[in-house]
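Visitor: I'll drop the sequence and a predicted model, then ask my questions.
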Amino acid sequence: MWQRIQTVWLLIATVLMAVFPWQDLVIFSNIGGDLHAVLTAWGLDTKNSLDHYMLGLYVVGALSLISSFVSLLTIFLFKKRFLQMRLCVFNALLILALSLFLAVQVYFRYQSGHQELAPSFYLAFPCVSFVLQLMARHGVVKDETLIRMSNRLR
């Protein structure tokens with residue numbers, strides 16, 4: 001199981017998506033530089049309180065944890081390669097949906113124009129995880145092709 005490169009890609013994707021919801025993603029500040037709000041995967045943290053339900057951002061945290069779980073599950077399904085391929089594609093689409101939802105929410109929050117935006121490098125984690133999912137799927141396809149060829153030679 002661990003000697004296959006797609007296992008490494010899936011493990012890295014699991015760690016990235018498990019760390020993602022616990023980080024500050026975007027910092028909104030006033031034009032003067034005064035801290036206004038911090039966007040996390042669970043809500044918008046203002047100076048006064050944490051608004052969990054603003055913009056429905058709890059969805060981002062939940063989707064990232066689900067994505068992490070699916071990646072971890074995919075690692076242990078190494079004997080079922082077709083299911084592994086499907087789960088890699090499903091997880092890649094899940095991460096893409098998460099990224100698009102987050103981008104739309106940040107755009108609508110930033111649209112007022114009276115704020116400065118300071119994105120964190122943690123916003124790259126879903127993009128990297130998306131690429132890792134596709135690389136893992138490619139590795140599973142190569143394994144399946146190799147096994148089919150070896151069975152044909154027998």
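Guide: Structure received. Note that the structure is predicted; figures quoted are calculated from it, not measured. Numbers count the residues shown, from 1 in each chain.
Visitor: how much space between the residue nearest to residue 88 when sequence neighbours are not counted and residue 97?
Guide: Once flanking residues are discounted, residue 88 sits nearest to residue 137: 3.8 Å by Cβ to Cβ, 6 or more residues apart in numbering. (Glycine included, C-beta is placed from N, CA and C.) Per Cβ to Cβ, to the nearest Å, residue 137 is found 17 Å from residue 97.
Visitor: may I see the buried residues of the helix or strand that residue 116 is a member of?
Guide: For residue 116, the host element (DSSP states H and E) is strand 115-119. Of all the residues in strand 115-119, those buried under the rule 16 or more other Cβ atoms under 10 Å are residue 115.
Visitor: tell me which strands it pairs with, and in which orientation.
Guide: Partner strands for strand 115-119, per DSSP bridges, with pairing direction: strand 24-30 (antiparallel).
Visitor: tell me the buried residues in the strand it pairs with?
Guide: Neighbour-count burial for strand 24-30 [16+ other Cβ under 10 Å]: 25, 26, 27, 28.
Visitor: off-centre distance for it?
Guide: Between the centre of strand 24-30 and the centre of its chain there are 20 Å (Cα atoms, centre = their mean, to the nearest Å).
Visitor: helix or strand right after that strand?
Guide: Counting by DSSP H and E, the element after strand 24-30 in chain order, helix or strand, is strand 35-40.
Visitor: now find how far off-centre that following strand is within its chain.
Guide: With Cα atoms, centre = their mean, you get 21 Å for strand 35-40.
Visitor: contacting residues around that strand?
Guide: 21, 23-30, 44-47, 57, 61, 106, 109, 115 (Cβ atoms under 8 Å, 6 or more residues apart in numbering).
Visitor: tell me the mean pLDDT over that strand?
Guide: Strand 35-40 comes out with an average pLDDT of 76.
Visitor: neighbouring strands - and their directions - for whichever helix or strand comes after that strand?
Guide: Downstream of strand 35-40, the next assigned helix or strand under DSSP H and E is strand 44-46. Next to strand 44-46 in the sheet, as set by DSSP bridges, lie strand 35-40 (antiparallel), strand 50-51 (antiparallel).
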